[in-house]
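Engineer: Take this sequence and fold it.
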Amino acid sequence: MPTALSSGLAASIALLTLAVPAAGWADDEPSLPSLAVQNRRHTQTHEFTAAFGVLPLDAFDKGLTVSGAYTLHFSDVFAWEVAQFFYSFPVETDLRGELRAFDLEPTPFERVEYFLTSNFVFKPLYWKGAWLNDGLVFGELMFLAGGGYGWLTRTERPVFDVGVAYRLYVSDWVSFRLDVRDHAFVNSEDVQNELWIGLGVSL
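Structural biologist: Numbering: from 1, shown residues only. Reported below is the predicted structural model:
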């Protein structure tokens, strides 16, 4: 009888020994990922933007621009930049002055004076991050495509543009944005490409 009791006790201890690690392994198994997507903190309907920028491609005359835009946001993903107007101030480069020192003038190229565009906006990426582990910052990435009309020094032309923009929210009402856009001014004779880089504030 003591032998049977000892055998039963040994079997029970062995089962407990096997069961405890098994329970631990079950706890270590990866669980299903929890849902991390949250609603945006910042939603917009009407956006007004003022921006300063540069047209840097001309080797002889750079363009410093001021611009204003109105954008209508249909959802968190799609928007319509109804209109953006640009005015460009010419700034001569040192290269033009060096040519003048030799009584030379560069081949005359048309310079962009002002233009108006309208763009569809796609906003696929919205993010939030931690600033020095002390506060949250929010931003979004946007892609734009559209067209409009431009007035150059000698001609008027349709313009087509594509671009990308990055926005950083500083409050519920104010955000800063950086835009990089390529504009193609087209007529029957040639295509004049202008890169526009702009820094703006939106309300």
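Engineer: What are the buried residues along stretch 182-198?
Structural biologist: 183-186, 192, 194, 196-198 (16 or more other C-beta atoms under 10 Å). In this view, the C-beta of every residue, glycine as well, is placed from N, C-alpha and C.
Engineer: Direction included, what does the longest strand belonging to the chain pair up with?
Structural biologist: Determined from DSSP state E, the single longest strand within the chain is strand 112-131. Taking DSSP bridges as the criterion, strand 112-131 forms sheet pairs with strand 78-92 (antiparallel), strand 135-152 (antiparallel).
Engineer: List the buried residues in the shortest one.
Structural biologist: In this case it means strand 78-92. Buried residues in strand 78-92, counted by 16+ other C-beta under 10 Å: 79, 81, 84, 86, 88.
Engineer: distance between it and the chain's centre?
Structural biologist: 17 Å (C-alpha atoms, centre = their mean, to the nearest Å).
Engineer: So which residues make contact with it?
Structural biologist: 44, 47, 49, 53, 55, 60-74, 111-123, 142, 144, 146, 196 (C-beta atoms under 8 Å, 6 or more residues apart in numbering).
Engineer: Just the helices from this structure, written as ranges.
Structural biologist: With helices called from DSSP state H, the chain shows them at 2-28, 94-101.
Engineer: In terms of mean pLDDT, which of these ranks lowest?
Structural biologist: Of all those, the minimum mean pLDDT falls on helix 2-28 (a mean of 48).
Engineer: about what we covered before: quick one: average pLDDT of the longest strand of the chain?
Structural biologist: What strand 112-131 shows for mean pLDDT is 92.
Engineer: Filter the contacts of strand 78-92 down to the buried ones and hand me the ChimeraX line.
Structural biologist: Selecting only the buried entries of the contacts of strand 78-92 in ChimeraX, with 16+ other C-beta under 10 Å as the criterion:
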select :44,47,49,53,55,60,61,62,63,65,67,69,71,73,111,112,113,115,117,119,121,123,142,144,146,196
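Engineer: distance of residue 67 from residue 201?
Structural biologist: From residue 67 across to residue 201, the span is 12 Å (C-beta to C-beta, to the nearest Å).
Engineer: Find residues that contact each of these two.
Structural biologist: Common contacts of residue 67 and residue 201 (C-beta under 8 Å, 6+ apart): 49-51.
Engineer: quick one: contacts for residue 164?
Structural biologist: 141-144, 179-181.
Engineer: again, 6 Å this time
Structural biologist: Contact partners of residue 164, counting by C-beta atoms under 6 Å, 6 or more residues apart in numbering, are 143, 180.
Engineer: hang on, the earlier thing: can I get the shared contacts of residue 67 and residue 201 in a markdown table with distance to residue 155 and pLDDT?
Structural biologist: Converted to a markdown table, the shared contacts of residue 67 and residue 201 look like this (distance: C-beta to C-beta, whole Å; pLDDT from 0 to 100):
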| residue | distance to residue 155 | pLDDT |
| --- | --- | --- |
| 49 | 28 | 97 |
| 50 | 28 | 98 |
| 51 | 25 | 98 |
